[in-house]
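Peer 1: The sequence isn't on hand, but the structure is:
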């Protein structure tokens, strides 16, 4: 609501004073508030300068330690590789095959008239190539005798699933009939 008072200022009724801060006290508070704001800005500026100096110090320290960190990272990488190699070596040793015993069993099972020309080992199998020579034309019989001897030898067969004759090829050499054969033993 709009109130119009046409009385001169002297005759007007004095207004009641409202509770709260008087305008004259606001003048005294303004410098205090300004002082607090200036103090906060000054404080934050000092904190900012301190943080910048701390950052520069830590960055310089990091730059000094960078070559050492490279060395440590390289050593850690080598250690990881060696650890992996050690694990693989441990697994291989726990699952290793005694090849000296296998070669000895091959030698003991080898009948007269058979000689071996190749022995190759892969992760999956062992391939034995050889030649059988028999004057009585029993080359296949000698190969079967050789296979039976190997199959009956537990020292040879304990690491293999099967021993199979893969191929036989007859071929005359210097007037004698020979049988070239290939045996495959599948590893467990």
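Peer 2: Good, I have the coordinates. Everything numeric here is computed off the predicted structure, so don't read it as measured data. Numbering: from 1, shown residues only.

Peer 1: The longest helix seen in the chain - what's its average pLDDT?
Peer 2: Longest helix in the chain, counting residues (DSSP state H): helix 23-94. Mean pLDDT, helix 23-94: 88.

Peer 1: ok, what's across the strand from residue 163?
Peer 2: Taking DSSP bridges as the rule, residue 163 bridges to residue 185.

Peer 1: I'd like to know how far it sits from residue 143.
Peer 2: Distance of residue 163 to residue 143, given as Cβ to Cβ, to the nearest Å: 12 Å. The way it works is simple: take the backbone N, C-alpha and C, and place the C-beta from them, glycine included.

Peer 1: Those two: who's more crowded?
Peer 2: residue 143 (23 against 18; other Cβ atoms under 10 Å).

Peer 1: From the contact counts, what lies against the host helix or strand of the more buried one?
Peer 2: Using DSSP states H and E, residue 143 maps to helix 139-152. Applying 3 or more Cβ pairs under 8 Å, 6 or more residues apart in numbering; DSSP states H and E, one finds that helix 139-152 contacts helix 99-109, strand 114-121, strand 125-133, helix 154-157, strand 160-173, strand 176-187.

Peer 1: These: which one's closest to residue 73?
Peer 2: For residue 73, the closest of these is strand 114-121, at 38.2 Å, according to Cβ to Cβ.

Peer 1: Noted, bye for now.
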